[in-house]
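Enquirer: When you get a sec, could you give me coordinates for this:
(one chain, ligands or ions: 1)
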Amino acid sequence: MKFYIDTANVSEIRKANEMGIVAGVTTNPSLIAKEGRDYIQTLKEIASIVDGPISGEVKATATDAATMVAQGKEIYAVDPDHMVVKIPMTEEGLKAIHQLHQLGIPTNCTLIFTANQALLAARAGATYVSPFLGRLDDIDEPGVDLIRTVAAVFHNYPDIDTKIIAASVRSPLHVTDCALAGADIATVPYKVLVQMIHHPLTESGIEKFKEDYQKVFGQ
Ligand code: G3P
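Expert: Sure, this is the predicted structure:
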């Protein structure tokens, strides 16, 4: 499983990228709004940092396929080597995914909550689907089951090359669950990436090595 970072914060993206763990970036309207910066400029800067797929979502106010396709072309033009157009799972969204696919523009179908939605998006031509596990957990439905089911369904049809991005990842445990469930990618907030690095026994082990070393060799 690869890691994408789920943020529009350029400083977090730089820090994660320097660790060599980031294969791509996902953003959404809420994450972009949180930064309070120009949308297209932010995407441009992100694409200049990470050499991998960068998902930029159509505006939340775009509800018809024609508008989504027009905005999708604009997002793709930011950097055709990296940009992926993120489109919500709706009837109009599927039309937009289909049209963008025909134009050779990669898409990421977002707000996926059932395996059927994922299969529809794949058949419409989505390059990626983003099932949201955290938001299912929030309503007392096991989100990891969705990731496992989508992975099993796609596995049954070798002609499907749509990749699964596990989204709405909230904890290190979610990350392990996604890897076991067969997600191709987990898109992870910076905070969770950092939580994954740390373990109290690693930290106390480093302290112990330092103490023992200094006892014999000094500084
Ligand atoms: O990529 C979608 C993801 O950011 C949603 O996460 O935590 O808002 O459910 P969350």
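
Enquirer: buried set for the worst-scoring helix or strand of the chain on mean pLDDT?
Expert: Taking mean pLDDT, DSSP states H and E as the measure, the chain has helix 29-35 as its least confident helix or strand, at a mean of 91. Within helix 29-35, the residues that count as buried by 16 or more other CB atoms under 10 Å are 29, 31, 32. All C-beta atoms are positioned from the backbone trio N, CA, C, and that covers glycine.

Enquirer: and if you look at stretch 94-110?
Expert: For stretch 94-110, by 16+ other CB under 10 Å, it's 94-100, 105-110.

Enquirer: okay if I get the residues you listed as a markdown table plus distance to residue 199?
Expert: Converted to a markdown table, the buried residues of stretch 94-110 look like this (distance: CB to CB, whole Å):
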| residue | distance to residue 199 |
| --- | --- |
| 94 | 43 |
| 95 | 47 |
| 96 | 43 |
| 97 | 41 |
| 98 | 45 |
| 99 | 47 |
| 100 | 42 |
| 105 | 42 |
| 106 | 36 |
| 107 | 37 |
| 108 | 32 |
| 109 | 35 |
| 110 | 32 |
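
Enquirer: hang on, the earlier thing: and for the least confident helix or strand of the chain, what are the contacting residues?
Expert: 6, 7, 8, 9, 10, 39, 42, 57, 59, 60 (CB atoms under 8 Å, 6 or more residues apart in numbering).

Enquirer: before we move on, the earlier item: for the buried residues of helix 29-35, which one is nearest residue 186?
Expert: If you rank the buried residues of helix 29-35 by distance to residue 186 using CB to CB, residue 31 comes first, at 15.9 Å.

Enquirer: now, the most widely separated pair of the contacts of helix 29-35?
Expert: Most distant of the contacts of helix 29-35, by CB to CB, are 10 and 60, 21.3 Å apart.

Enquirer: Validate this expectation: residue 208 resides in a helix.
Expert: Yes - counting by DSSP: H, G, I helix; E, B strand; the rest coil, residue 208 is part of a helix.
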